[in-house]
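J.: turn this into a structure:
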Amino acid sequence: MTRLTRTLRLCGQAEYRDQAEPHLHQPGDAALIFRGQARSLLIQCPDGCGQTLVINLDPRAGKAWRLDMRGGTPTLYPSVWRDGGCGSHFIVWRGRILWCDRYEAGNVEPDYDAGLEARVLKALTPRIFRSAEEIAWELDEIPWEVSRVARRLVRQALAEEGRGPKINWFRDARGLSSKPDLSKAR
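T.: Numbering: from 1, shown residues only. Here you go, the predicted model:
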């Protein structure tokens with residue numbers, strides 16, 4: 001039986017993998033490999049399969065994830081998706097593990113600052129779609145939160161989301177009209 005978890009716990013830091021692995025005891029435990037800068041994150045697979053995942057954080061070594069420790073809790077971007085083995089696919093967002101596909105039913109997204117809505121709306125343009133990721137880097141925010149806020153703006157008819165390859169890309173739906181009072185964006 002698997003011991004599925006919905007929490008990622010940063011349990012230690014080390015210079016090398018063999019020094020970090022002893023920190024991993026249960027699903028969702030993680031240890032940071034840090035030598036002058038963040039190199040990788042080791043994670044005991046949160047689905048309970050027993051495997052250790054190595055998440056590259058150093059863009060000099062190839063495809064790299066971004067680790068954000070805002071509020072003292074880890075966020076990884078983009079999602080982690082194992083092509084082989086157990087096939088786990090999940091998001092790490094403010095220390096929470098949000099499952100994609102098979103375990104989604106119990107997902108709970110973290111809270112966010114309501115003031116982010118006004119900042120995202122201001123970053124949108126009426127003619128050109130912008131990716132949530134691009135907006136997040138510009139605003140120094142977590143991409144998962146910018147995406148969620150932008151979708152909320154879509155539901156309020158203040159923004160429009162692209163389709164097909166432009167999913168998770170947004171633009172101002174108010175056209176060329178003047179920007180309304182930002183209190184309406186809530």
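
J.: which parts of the protein are helices?
T.: 17-20, 116-123, 132-139, 143-155 (DSSP state H).

J.: among those, which comes closest to residue 51?
T.: helix 17-20 (14.0 Å; CB to CB). Every C-beta, even on glycine, is put in place using the N, C-alpha and C of the backbone.

J.: could you list the domains of the chain?
T.: Following automatic domain parsing, one finds the domains of the chain at 9-106, 116-185.

J.: will you turn those domains into CSV that also has mean pLDDT and distance to residue 3?
T.: Below are the domains of the chain laid out as CSV (pLDDT from 0 to 100; distance: least, CB to CB, whole Å):
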stretch, mean pLDDT, distance to residue 3
domain 9-106, 94, 4
domain 116-185, 88, 25
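
J.: burial measure for residue 158, as a count.
T.: Neighbourhood size, residue 158 [other CB atoms under 10 Å]: 22.

J.: typo on my end, residue 92
T.: Residues near residue 92, counting by other CB under 10 Å, number 27.

J.: how close does it sit to residue 138?
T.: Using CB to CB, to the nearest Å, we find residue 92 at a distance of 22 Å from residue 138.

J.: for residue 91, which non-adjacent residue is closest in space?
T.: Closest residue in space to residue 91, ignoring its immediate chain neighbours: residue 98 at 4.3 Å, by CB to CB, 6 or more residues apart in numbering.

J.: and the one you found, how far from residue 107?
T.: Distance, residue 98 to residue 107, using CB to CB: 5 Å.

J.: which residue of those two possesses the greater neighbour count?
T.: Neighbour count, other CB under 10 Å: between residue 98 and residue 107, residue 98 has more, with 18 against 15.

J.: show me what contacts that one?
T.: Going by CB atoms under 8 Å, 6 or more residues apart in numbering, residue 98 touches 6, 90, 91, 92, 104, 107, 108, 109.

J.: mind doing that once more with 10 Å?
T.: For residue 98, the contact set (CB atoms under 10 Å, 6 or more residues apart in numbering) comprises 6, 79, 90, 91, 92, 104, 106, 107, 108, 109, 110, 144.

J.: which one among those residues gets closest to residue 67?
T.: For the contacts of residue 98, the minimum distance to residue 67 (CB to CB) is 8.8 Å, reached by residue 92.

J.: state the distance from that closest one to residue 23.
T.: 17 Å.

J.: could you do residue 104 as well?
T.: Separation of residue 104 from residue 23 (CB to CB): 29 Å.

J.: of these two, who's got more company?
T.: residue 23 (18 against 10).

J.: quick one on the thing from earlier: looking at the helices of the chain, which is closest to residue 172?
T.: Using CB to CB, those put helix 116-123 closest to residue 172, at 7.3 Å.

J.: the closest one to helix 132-139, inter-axis angle?
T.: Angle, helix 116-123 to helix 132-139, by axes from the mean of the first three to the mean of the last three CA atoms, to 10 degrees: 100 degrees.
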